[in-house]
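J.: I'll drop the sequence and a predicted model, then ask my questions.
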Amino acid sequence: MAILEKRSVPSRVEKSEPERVYAGFFKIDRYRLRYERFDNTMSAEQVLEVAERGDAVAVLIVDAEEDEVLLVEQFRLPTLVRGGSGWIVELAAGMIRDAESPSDCLRREVLEETGYQVTDLEFIAKFFVSPGGSTERIYLYYAEVRFSDLKRQGGGIVKEGENIRSVRLKIDDFLKKLESGDFEDAKLIVAGQWLKAERAGQPAEKSDKTTRTVDFRVKRTAKRSRGPEQIIGYKTGSITAITDVDVWVNPTDTDMMLDSFRSRSVSAVIRTHGAEKHVGPEQRIKKDTIGGALRESLSGMEYVKLTQVIATTPGALTSTNNVKKIIHVAVVPGAIGTGLEKREETLEQCVDKVLVYVESKNWAMLPESSRCTSILFPILGTGPGGFFNRDVIPRLVRRAIDYAKSNPKAGLRKIYFCGYTNSDRDLLEQELSAAEELERC
């Protein structure tokens with residue numbers, strides 16, 4: 001293993017007092033200086049000029065009621081000089097005055113430019129705009145507003161020559177424009193990337209009681225012109241809001257231990273909501289129904305091999321969510337478990353084994369009322385497994401499509417994935433929409 005050399009950090013600078021060479025809207029100071037190089041020698045004397053711009057604030061404003069980003073548009077001469085139209089869409093921003101805090105400046109500028117009064121501010125970053133020639137730093141914030149926060153018309157200070165127009169974009173449209181490179185304001189791009197990262201991990205639905213279903217139909221072919229319809233799709237939000245899927249898949253490790261009731265993982269949610277509760281507002285656990293059933297099914301085994309599948313009762317989920325079976329599958333190695341090393345291909349094998357198992361065990365020889373025609377997969381391996389959803393989702397979707405194509409007469413007619421976060425939802429939509437074998441219902 002290579003050992004990285006510990007390097008000293010240059011710190012010595014010899015500079016003259018600034019010579020003010022220009023004092024207009026911008027102030028330009030000239031310095032003579034030498035600085036320590038990375039090899040610990042001193043540089044030759046240099047003459048450098050610095051634009052003393054001061055510090056500024058900028059804010060990404062989101063209308064929480066309308067799910068919109070609130071931007072501003074105005075004329076900026078430098079954009080015209082560089083070949084643009086002169087008008088640019090950017091964040092509400094302004095220069096910090098003497099003895100003014102960044103937050104006070106921001107509130108003043110937002111009120112002047114947009115008419116909104118912002119209160120709670122979330123700090124995003126502080127950065128230099130052009131460190132090669134300017135002292136200007138940007139204090140970047142995030143703020144949410146509502147209709148009640150609109151206090152006046154906005155539009156800027158007319159006597160100062162400002163002519164500002166508010167621009168509203170739905171957040172999804174804003175992120176699409178960001179992705180396609182439509183914006184040229186650096187502050188806006190930094191804030192937009194921050195918002196994209198923040199929203200990626202947020203729930204796709206605002207309430208744990210809300211879900212949305214998106215269905216894609218497996219296309220008919222000459223060989224598949226008849227037979228029942230096959231659906232592959234996704235459901236958004238918390239798994240607890242889903243009440244129309246027969247089989248839920250619970251990802252575990254090779255120890256087959258369900259997560260703690262206090263955890264927020266899929267395994268913990270299934271265990272908690274399937275348990276028998278004491279009567280009362282606290283809903284304390286009376287009986288670990290699913291956990292007990294899983295331990296009994298293991299028959300004393302300490303661990304199982306990767307991709308092992310075990311079915312248990314859904315416990316209370318039968319009455320609350322109409323679930324008929326819980327299928328536990330070992331997707332990652334546990335502390336003791338042996339078998340295949342952790343890799344993404346294992347997750348594909350888990351999908352295959354679960355689907356085959358459900359078809360053979362929970363369809364054949366059962367009365368019609370007990371048959372399982374639909375199944376729900378969480379995004380396997382992205383919890384304690386440590387995989388990224390962007391790497392996992394394409395593999396899971398592809399295995400589901402291949403299974404449906406290979407089993408056109410299977411009793412399992414609907415295969416769903418649970419997209420809990422915005423990122424999960426977007427990736428599922430992308431993969432399913434791009435699949436040639438599918439068409440949106």
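T.: Thanks, I have the structure now. Numbers count the residues shown, from 1 in each chain.
J.: where does this structure dip in pLDDT?
T.: 1-7, 222-227, 335-342, 362-366, 368, 384-385 (pLDDT under 70).
J.: now with 50, please.
T.: 1-4, 336-340 (pLDDT under 50).
J.: can you map out the helices along it?
T.: Under the criterion DSSP state H, the chain contains helices at 77-81, 102-114, 171-180, 186-200, 266-274, 289-298, 317-321, 344-361, 389-406, 422-434.
J.: could you dump the ones you listed to CSV with mean neighbour count and distance to Val13?
T.: All C-beta spots, glycine's among them, are computed from the backbone N, C-alpha and C. Formatted as CSV, these follow (neighbours: other C-beta atoms under 10 Å; distance: least, C-beta to C-beta, whole Å):
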stretch, mean neighbour count, distance to Val13
helix 77-81, 11, 30
helix 102-114, 20, 27
helix 171-180, 15, 38
helix 186-200, 18, 27
helix 266-274, 23, 55
helix 289-298, 18, 64
helix 317-321, 16, 66
helix 344-361, 19, 50
helix 389-406, 19, 44
helix 422-434, 20, 44
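J.: can you redo these as a markdown table with distance to Ile239?
T.: Conversion of these to a markdown table gives the following (distance: least, C-beta to C-beta, whole Å):
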| stretch | distance to Ile239 |
| --- | --- |
| helix 77-81 | 48 |
| helix 102-114 | 39 |
| helix 171-180 | 24 |
| helix 186-200 | 19 |
| helix 266-274 | 6 |
| helix 289-298 | 14 |
| helix 317-321 | 8 |
| helix 344-361 | 16 |
| helix 389-406 | 15 |
| helix 422-434 | 12 |
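J.: closest to Pro10 out of the ones you listed?
T.: Each of these was checked against Pro10 via C-beta to C-beta, and the shortest separation belongs to helix 186-200, namely 27.2 Å.
J.: which strands and helices lie in contact with the closest one?
T.: strand 55-63, strand 87-90, strand 121-128, strand 137-145, helix 171-180, helix 422-434 (3 or more C-beta pairs under 8 Å, 6 or more residues apart in numbering; DSSP states H and E).
J.: now do the buried residues in the third one.
T.: Taking 16 or more other C-beta atoms under 10 Å as the basis for neighbour counts, the residues of strand 121-128 that come out buried are Leu121, Ile124.
J.: which among the helices and strands packed on helix 186-200 is found nearest to Thr236?
T.: So among those, helix 422-434 is nearest, using C-beta to C-beta, at 5.3 Å.
J.: and the closest one with helix 171-180, angle?
T.: 70 degrees (axes from the mean of the first three to the mean of the last three C-alpha atoms, to 10 degrees).
J.: who does helix 422-434 touch, helix- and strand-wise?
T.: Secondary elements touching helix 422-434 (3+ C-beta pairs under 8 Å, 6+ apart): helix 186-200, strand 213-218, strand 231-236, helix 389-406, strand 414-419.
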